[in-house]
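Peer 1: Provided below are the primary sequence and the corresponding predicted coordinates.
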Amino acid sequence: MQYATLAVHGGLQDDSHRAVAFPLYLSSTFVQPDSEHFQSYAYSRSANPTRASTERLIAELEGARHAFATSSGMAANALVFELLEKGDRVLLSSDVYGGTWLFATKIFEKRGIAFDVVEDFNAYDFSQAPADVKMVFIESPTNPLLTVTDIAKVARAAKARGILTVVDNTFLTSCLQKPLDLGADIVVYSATKYYAGHSDLLAGFVVFNDDALYERLRIFSKALGGVLDPFDAFLVTRGVKTLPLRMAQHEKNALAIARHLEHHPAVETVFYPGLASHPGHDIQARQAKGSGGVLSFQLNETAFDLDRFVTSLRLFAFAVSLGGVEPLICRPATMTHESYAPEIQQKLGITRNLLRLAAGIEATEDLIADLDQAFEKAKR
């Protein structure tokens with residue numbers, strides 16, 4: 001089946017009553033047939049039918065063998081990081097999501113895990129990587145600067161050294177990019193964003209093919225307990241049914257906005273890989289089906305007031321997160337990447353005039369008009 005068809009028809013089927021929507025199983029525990037035989041479900045922390053259906057659906061969309069649904073995107077990251085042992089080292093993209101950076105700087109150290117920041121994985125020489133590197137964790141495009149990494153090149157070089165490659169694919173979902181097909185070992189998602197699609201729940205996914213990894217992660221998931229609850233799993237499945245339609249409109253709007261802002265007097269720089277001027281444009285076009293619905297730009301604060309701009313917006317909400325049907329805008333330096341020290345923010349380019357914009361699914365013209373009227377009010 002094509003992706004859009006699988007989004008509607010994937011997952012488990014209801015054999016009990018042939019319900020069109022797979023049932024919501026809220027039960028915490030399940031009756032077993034006798035003392036010697038056990039059914040597939042016993043306790044919902046270990047496995048739940050509704051969650052299992054969602055996991056099957058996500059795995060099918062990715063073309064993968066396995067998926068775990070977690071209570072948030074950071075719970076997905078935390079589950080994957082359980083694969084690391086004391087003395088291991090991780091290579092991180094330079095501008096990973098602020099929550100991932102918080103985990104690396106606050107949790108890795110207490111566990112005896114080291115990490116290095118790689119400014120440009122496309123130019124990184126894996127033959128020079130320290131011997132204790134066990135995992136590469138990349139975002140492509142990154143959050144919030146939309147830097148593009150050649151996933152296939154990195155995965156190939158990492159695999160030659162026996163290093164796991166993990167890709168946070170939240171910005172694009174499997175609808176637009178499939179890192180496993182490019183050689184990555186594990187893909188993680190904040191399903192709070194595009195998969196759920198309506199800004200009304202928290203969820204995460206860990207998707208992969210390796211059966212040995214499945215056994216390890218299954219035990220970690222059971223022990224940690226950070227699983228997705230059945231009701232939110234039900235809602236994620238409902239959201240996925242319209243994912244291809246929503247992603248198409250998100251991307252259409254993001255590209256139109258990026259082109260509009262590229263030459264706007266209120267904007268210094270636009271970061272969006274769908275623009276031909278973006279340094280990662282060619283790689284993005286080669287490894288993905290699109291560039292997604294998120295872009296960032298630096299406001300010209302000499303001529304425009306940032307606070308007046310964001311408070312004058314009518315359709316765009318000044319809030320963190322992305323991937324919902326409505327448009328959002330935030331300032332990463334103080335709202336999503338505040339866990340980065342100011343000097344690191346400055347070095348990476350997460351400046352205080354940088355704004356991250358997540359396009360909604362409204363009419364393109366209305367979104368651009370809203371930005372323009374806010375720019376007009378923000379003139380100094």
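Peer 2: Ah, there it is.

Peer 1: list the contacts for the residue nearest the centre of the chain?
Peer 2: Computing the C-alpha centroid of the chain and ranking residues by CA atoms, centre = their mean puts Thr170 first, at 1.7 Å. With contacts defined as CB atoms under 8 Å, 6 or more residues apart in numbering, Thr170 is in contact with 73, 97, 139, 143, 188-190, 193-194, 323. For the C-beta atoms, the positions are set from N, CA and C on the backbone; glycine is no exception.

Peer 1: As JSON lines, those residues with secondary structure, neighbour count and distance to Glu215 would be great.
Peer 2: Shown next, in JSON lines, are the contacts of Thr170 (DSSP: H, G, I helix; E, B strand; the rest coil; neighbours: other CB atoms under 10 Å; distance: CB to CB, whole Å):
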{"residue": "Gly73", "secondary structure": "helix", "neighbour count": "23", "distance to Glu215": "23"}
{"residue": "Tyr97", "secondary structure": "coil", "neighbour count": "24", "distance to Glu215": "28"}
{"residue": "Glu139", "secondary structure": "strand", "neighbour count": "25", "distance to Glu215": "27"}
{"residue": "Asn143", "secondary structure": "coil", "neighbour count": "25", "distance to Glu215": "31"}
{"residue": "Val188", "secondary structure": "strand", "neighbour count": "30", "distance to Glu215": "18"}
{"residue": "Tyr189", "secondary structure": "strand", "neighbour count": "29", "distance to Glu215": "21"}
{"residue": "Ser190", "secondary structure": "strand", "neighbour count": "29", "distance to Glu215": "25"}
{"residue": "Lys193", "secondary structure": "coil", "neighbour count": "22", "distance to Glu215": "29"}
{"residue": "Tyr194", "secondary structure": "coil", "neighbour count": "29", "distance to Glu215": "29"}
{"residue": "Gly323", "secondary structure": "coil", "neighbour count": "28", "distance to Glu215": "31"}
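
Peer 1: Touching, Arg45 and Asp229? I think so.
Peer 2: No: when contacts are counted by CB atoms under 8 Å, Arg45 is not listed as touching Asp229 (10.1 Å).

Peer 1: of those two, who's got more company?
Peer 2: Asp229 (18 against 15; other CB atoms under 10 Å).

Peer 1: Leaving out the residues flanking it, which one is nearest to that one?
Peer 2: Excluding its sequence neighbours, the residue lying closest to Asp229 (CB to CB, 6 or more residues apart in numbering) is Ser71, at 7.2 Å.

Peer 1: The one you found: how many residues sit nearby?
Peer 2: 19.

Peer 1: In the chain, what helix or strand scores lowest on average pLDDT?
Peer 2: None of the helices or strands of the chain scores lower by mean pLDDT, DSSP states H and E than helix 342-348, at a mean of 91.

Peer 1: Tell me where the stretch 201-350 of the chain has helices.
Peer 2: Listed in chain order, the helices of the stretch 201-350 of the chain (DSSP state H, counting those that start in this stretch) span 211-224, 230-240, 243-262, 281-287, 306-312, 332-335, 342-348.

Peer 1: Also the stretch 1-150 of the chain?
Peer 2: So, for the stretch 1-150 of the chain - with DSSP H, counting those that start in this stretch - the helices run 3-9, 49-62, 73-81, 98-106.

Peer 1: picking that back up, could you export the helices of the stretch 201-350 of the chain as TSV, including distance to Ile151?
Peer 2: Converted to TSV, the helices of the stretch 201-350 of the chain look like this (distance: least, CB to CB, whole Å):
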stretch	distance to Ile151
helix 211-224	18
helix 230-240	23
helix 243-262	19
helix 281-287	6
helix 306-312	33
helix 332-335	23
helix 342-348	20
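
Peer 1: Which stretch among the ones you listed is buried most, on average?
Peer 2: helix 230-240 (a mean of 22; mean count of other CB atoms under 10 Å).

Peer 1: Quick one: list the elements packing against that one.
Peer 2: helix 49-62 (3 or more CB pairs under 8 Å, 6 or more residues apart in numbering; DSSP states H and E).

Peer 1: give the contact list for Ala152.
Peer 2: So Ala152 contacts 182-183, 287 (CB under 8 Å, 6+ apart).

Peer 1: Quick one: classify it as helix, strand or coil.
Peer 2: Three-state assignment for Ala152 (DSSP: H, G, I helix; E, B strand; the rest coil): helix.

Peer 1: Quick check, pLDDT for it.
Peer 2: Here, the pLDDT recorded for Ala152 equals 98.
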